[in-house]
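**Q** Pasting the sequence and the predicted model now:
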Amino acid sequence: MNTNTGNLTEKVSVNINTTTLAAIDLLIDNGHYFNRSDFINQALREAIARNEANIQRASEERGKKLESGYWFMGVSRLTGPEVDEILRSGKPRSITGYGVLSIDPNIPAEKVFAAISGINIRGKVSCSPEVREHYNL
């Protein structure tokens, strides 16, 4: 499967107490950040960097737990040639991940159903309505 971390964004809502928000706004007004989103994104990147070892360990553990599947974090795309390869192997696989899964809409749904035993994504899945319904996405 193709994986990359393209420039995809998703909007989230966060409750922040007024004292914290005031401190953020003060930093913005003094030129340390462009806006609230810039501050929050930087804080999140720093928290992820501090937890890189934990993320790596969790990622490896998740991957090892799958017996006949594919695991990803970030962005992954399922293409027609990949579905054909899975079908040739005779071993349907499951897809598990955190992020965005895109299933090529030109792949016939029946081929996807035969190749993919299950889909469990914490994030978004871009696929045809028929595939979405089949896997309860």
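**A** Nice, I can see it. Numbering: from 1, shown residues only.
**Q** any idea which helix or strand comes after the worst-scoring helix or strand of the chain on mean pLDDT?
**A** Lowest by mean pLDDT, DSSP states H and E among the helices and strands of the chain is strand 2-4, with a mean of 53. Downstream of strand 2-4, the next assigned helix or strand under DSSP states H and E is helix 18-29.
**Q** Could you report the neighbour count for residue 28?
**A** When neighbours are defined as other C-beta atoms under 10 Å, residue 28 has 15 of them. No exception for glycine: its C-beta is placed from N, CA and C like everyone else's.
**Q** out of everything not next to it in sequence, what's closest to it?
**A** Leaving aside its sequence neighbours, residue 28 sits nearest to residue 35 (C-beta to C-beta, 6 or more residues apart in numbering; 6.2 Å).
**Q** So for residue 43, what's the pLDDT?
**A** You'll see residue 43 listed with a pLDDT of 96.
**Q** In what element of secondary structure is it found?
**A** helix 36-50.
**Q** buried sites along that helix?
**A** residue 39 (16 or more other C-beta atoms under 10 Å).
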